[in-house]
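A.B. asks: Show me the folded form of this:
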Amino acid sequence: MQNSVSEVPRKDERLTVAFDKETLDRVAEMASQDERPTARQVLLLVRAAIELIDEQGFKLVEGKLRKVLEQSLEEMDY
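C.D. replies: Sure, this is the predicted structure:
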């Protein structure tokens, strides 16, 4: 007996995300420029953001990636 499509195990997890039109249009434009599917472009952008956060000292502040200065107040000269 064959498995139905819904029963076939998938290698990757799936997630449904709603985008505002402006964001989706911009991502689709980027994907088109790079000649890749929009969904793949989204994955690459998420991975890039995670790398910036994990490895380059960025934080998500009010929905935007911002470089975080790690200098404490004690280290600052007044």
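
A.B. asks: per-residue pLDDT, residue 9?
C.D. replies: Here the pLDDT value assigned to residue 9 is 74.

A.B. asks: how many neighbours does it have?
C.D. replies: Residue 9 sits with 5 neighbouring residues when counted by other Cβ atoms under 10 Å. For glycine as for every other residue, the C-beta is placed from the backbone atoms N, C-alpha and C.

A.B. asks: so is it in a helix, a strand, or just coil?
C.D. replies: coil (DSSP: H, G, I helix; E, B strand; the rest coil).

A.B. asks: Distance of it relative to residue 43?
C.D. replies: 20 Å (Cβ to Cβ, to the nearest Å).

A.B. asks: Tell me how many other residues crowd residue 19.
C.D. replies: Count around residue 19 with other Cβ under 10 Å applied: 13.

A.B. asks: Just give me the residue right at the centre of this protein.
C.D. replies: Centroid-nearest residue in the chain: residue 46, 1.5 Å away (criterion: Cα atoms, centre = their mean).

A.B. asks: Which strands and helices lie in contact with whatever helix or strand that residue lives in?
C.D. replies: Using DSSP states H and E, residue 46 sits within helix 38-55. The elements that helix 38-55 packs onto, with contact taken as 3 or more Cβ pairs under 8 Å, 6 or more residues apart in numbering; DSSP states H and E, are helix 21-33, strand 58-61, strand 64-67.
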